[in-house]
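*Asks:* Need a 3D model of the following:
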Amino acid sequence: MESLLGVHVAGGAVGLISGFAAVAVQKGSRIHRAAGRVFVVSMLAVGLSGAFIAAVTWVPTSVAMGTFASYLVLTGILTVLPAATWNRRATLGSAVVAAALAITLCLFGVLALRSATGELDGLPAPMAFLFATVALLAGISDVRVARGAAPTGRRRLARHLWRMNFALFIAAASFFLGQTQVLPPVLRTPWVLAPPVLIPILVMVYWLWRTRARGQPVFLGEPPARGGTR
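*Replies:* As a prediction, this is how the structure comes out:
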């Protein structure tokens with residue numbers, strides 16, 4: 001278990017560094033692709049190891065969030081891989097995972113509301129419902145992508161970037177808000193803790209706006225209707 005915890009901590013550190021590096025550089029550049037590859041591997045390591053550790057120690061909310069981060073990274077990378085039958089099937093299968101996460105996180109939100117603190121294992125009720133909504137919308141998008149034409153151009157980029165940025169948001173929030181005890185007291189202020197958590201969300205919103213297709217808003221990277229603009 002100690003070695004797995006080491007993998008989790010190392011993966012988290014590398015994931016945050018590579019994630020923010022990918023955010024900072026030009027999209028599609030060599031540095032962005034290299035940082036993105038490191039981010040994918042490290043986030044899968046931290047997400048899956050964290051989910052396993054949480055399952056053994058029975059922290060259900062952490063199991064869900066580790067699985068959610070891994071799901072977002074996997075579907076984000078599937079978006080930029082060549083369209084193929086296996087890719088379509090994997091995307092459809094991921095919709096089942098997203099649906100299970102949405103139901104589970106919604107249940108966590110209800111349990112958090114019924115608790116005295118309004119939280120469940122450190123997860124506030126509003127955040128649980130927010131994550132449940134995102135998982136539900138992501139799963140709907142997966143079904144539409146798997147059943148229709150694969151997203152291309154701006155929509156493909158939007159689908160990839162919002163999922164990667166939201167996974168980075170989960171990792172940043174888990175560390176900067178959920179593990180503040182490991183930071184020196186001088187750094188435990190909103191001015192230090194808030195920016196790393198907010199930046200992925202702001203960047204996600206910015207790119208969803210930038211990649212809107214000819215005046216039409218991009219809705220979670222869904223493929224356009226037949227005969228529409230690609």
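*Asks:* From Val63, how far out is Ala171?
*Replies:* Ala171 sits 16 Å away from Val63, going by C-beta to C-beta, to the nearest Å. Yep, even glycine has a C-beta here, placed from its N, CA and C like the rest.
*Asks:* Please identify which of those two sits among more neighbours.
*Replies:* Taking neighbours as other C-beta atoms under 10 Å, Ala171 and Val63 compare with Ala171 leading, 28 against 20.
*Asks:* neighbours around Ser42, how many?
*Replies:* 23.
*Asks:* Quick check: it touching Val9?
*Replies:* No - counting by C-beta atoms under 8 Å, Ser42 does not reach Val9; the two are 11.1 Å apart.
*Asks:* Now name the helix or strand holding the residue nearest in space to the middle of the chain.
*Replies:* Against the mean C-alpha coordinate of the chain, by C-alpha atoms, centre = their mean, the closest residue is Ala167 at 2.3 Å. Under the criterion of DSSP states H and E, Ala167 resides in helix 153-176.
*Asks:* tell me which residues of that helix are tucked away?
*Replies:* For helix 153-176, a neighbour-count test (16 or more other C-beta atoms under 10 Å) marks 154-176 as buried.
*Asks:* gap between that helix and the chain center?
*Replies:* 5 Å (C-alpha atoms, centre = their mean, to the nearest Å).
*Asks:* which helices and strands sit right next to the next helix or strand after that helix?
*Replies:* The element immediately downstream of helix 153-176 (helix or strand, assigned by DSSP H and E) is helix 190-210. Applying 3 or more C-beta pairs under 8 Å, 6 or more residues apart in numbering; DSSP states H and E, one finds that helix 190-210 contacts helix 2-24, helix 153-176.
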